[in-house]
Structure formats: structure tokens, C-alpha cells
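Asks: Sequence and predicted structure are below.
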Amino acid sequence: MSNNKPENPVKRRDFLRSVLHTLSGITLGGIAGFLIGRSSNKEMVWQLDPNICVQCEKCSLNCVLPQSAVKVVHSYSMCGYCDLCSGYLQPGAKSRDTGAENQLCPTGAIKRTFVEDPYFEYSVDEELCIGCGKCVKGCDSFGNGSLYLQVRYNLCLNCNECSIARLCPSRAFRRVPADSPYILRGDESKKHEVI
Ligand code: SF4
Ligand code: SF4
Ligand code: SF4
């Protein structure tokens, strides 16, 4: 197993989180741009294609890490900011509020914040996310597909043989260049392509 973990993952994770938290419209392309300056062109890393993933939950179970390196990310440009969010609320939830019993996420990793009537913003606390994909399935089923899974490089060990890739039923995992490591959806994807 090779280990391409950054020297100071905590610092880097805090940096990424602060950027995501501060700018709700931040693009993952921007994050990829940040990685460009730190990665060799020849380096390859694992990534999953969110357009092929079927949210089987194995990303949360099969990573060699105690908590998966796969996290849900949110494309704010695609999100409908819905009150009735199928990525946040349990199907048939009795009320549309932040009560734990109404939430789809088993770890409470998605935060719902009122913007203005009738809009709500949804953000992800990646430390709580286990990469189970339940919210992704919910968002894909009735929403815009703005929630999707990606491997996070501040966590991934870049195993020579990724145990998730081996067991992924849809073969969604593949090696991608470290200098363009994210497979993005929405406008973020387009911006990323022209970086
Ligand atoms: S193992 Fe494959 S299909 Fe299952 S959630 Fe992960 S990427 Fe998606
Ligand atoms: S439902 Fe699963 S993938 Fe979505 S935020 Fe919660 S832990 Fe992460
Ligand atoms: S390469 Fe290793 S650490 Fe990274 S997602 Fe796969 S199993 Fe987890």
C-alpha cells in the first residue's frame, strides 16, 4: 500500500472545510485547483464516478479506514434549496424540521438552515459523514441530484488496491490524475473542465 497522505491532513482538512463553510457557492473545481499546485502530473488517485454510482452503501463499509474516505459533497449550483428535501428528510417524515426523527442521514451530518421563505440551505459536516449515500439516493430520487459521493484526498490513503473499488458493484471507481481528481456534477464540472 502506498501512502500519499498529505503531511498535515488536519490543517488541510480545516482549510477545505473553512472554504466550503464560508462560501456556500464554492465549486469543487476550486478545490481541485488548490490540489493542482500540490500534485505531480504523473500521480494517480482513486475517484468514483457519481454518474455510475448506485449508492449501494459499500463505500461506507469497505474502506480500509475506520471511517470511510468517501464523503458526500453538495453542488450548491444544482440544489433547489427545497423545503421538502428528499436528501434530508425521511420519506413520510411527519414534519419538515430538524428533529432527528425526521432526518434521513443516520449520523445527522446534513445541516438545514433557513434562507428565506420557502428556501433552505443544506450543508454537510464531513466529519460526521460515513459515506453511506442514503442522502444521495434520496436526492437522486426526487430532487436535483445535487448531493453525491466523492473520495476526499485529505483522508484517502490511495491504496494500491482500493478495497472499495474491488467490491463496487457498478465499477464506479477508477484511477484519475491527481491534478484533476474530482468527477463533478453541474456547473462545477464545467468550470473544472476549463481550469
Ligand atoms: S461501492 Fe460503488 S456503487 Fe456502491 S456507493 Fe460506492 S461508488 Fe457507489
Ligand atoms: S446520509 Fe450518509 S452519505 Fe449522506 S451525509 Fe449522512 S452519512 Fe453522509
Ligand atoms: S484507496 Fe484505500 S483509503 Fe482510499 S477510499 Fe480506497 S480503501 Fe479507502
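Replies: Received, thanks. Everything numeric in this text was worked out from a predicted model, so none of it was measured. Ligands and ions are numbered 1, 2, ... in the order given.
Asks: Which residues of the chain lie near ligand 1?
Replies: Proximity of the chain to ligand 1 (Cβ under 6 Å from any ligand atom) is limited to residues 48, 53-56, 58-59, 133, 164, 168-170, 172. In short, each C-beta sits where N, CA and C put it, glycine included.
Asks: Which of those fall within strands?
Replies: Under the assignment DSSP state E, the residues of the chain next to ligand 1 contribute residue 48 to strands.
Asks: Quick one, which of the residues of the chain next to ligand 1 are buried?
Replies: Buried members of the residues of the chain next to ligand 1, counted by 16 or more other Cβ atoms under 10 Å: 48, 53, 55-56, 58-59, 133, 164, 168, 172.
Asks: Out of these, the closest to residue 98 would be?
Replies: Closest to residue 98 out of these is residue 133 (21.3 Å), distances taken as Cβ to Cβ.
Asks: separation between the spatially closest residue to the closest one that is not a sequence neighbour and residue 168?
Replies: The spatially closest residue to residue 133, leaving aside those adjacent along the chain, is residue 55, at 3.6 Å (Cβ to Cβ, 6 or more residues apart in numbering). Distance, residue 55 to residue 168, using Cβ to Cβ, to the nearest Å: 11 Å.
Asks: Next: residue 119.
Replies: According to Cβ to Cβ, residue 119 and residue 168 sit 35 Å apart.
Asks: Over to residue 132?
Replies: To residue 168, residue 132 is 14 Å away according to Cβ to Cβ.
Asks: Could you do residue 70 as well?
Replies: Taken as Cβ to Cβ, the span from residue 70 to residue 168 is 10 Å.
Asks: what residues do those two have in common as contacts?
Replies: Each of 48, 59 lies in contact with both residue 70 and residue 168 under the rule Cβ atoms under 8 Å, 6 or more residues apart in numbering.
Asks: contacting residues for residue 148?
Replies: Residue 148 makes contacts with 50, 53, 72-73, 75, 136, 185, as judged by Cβ under 8 Å, 6+ apart.
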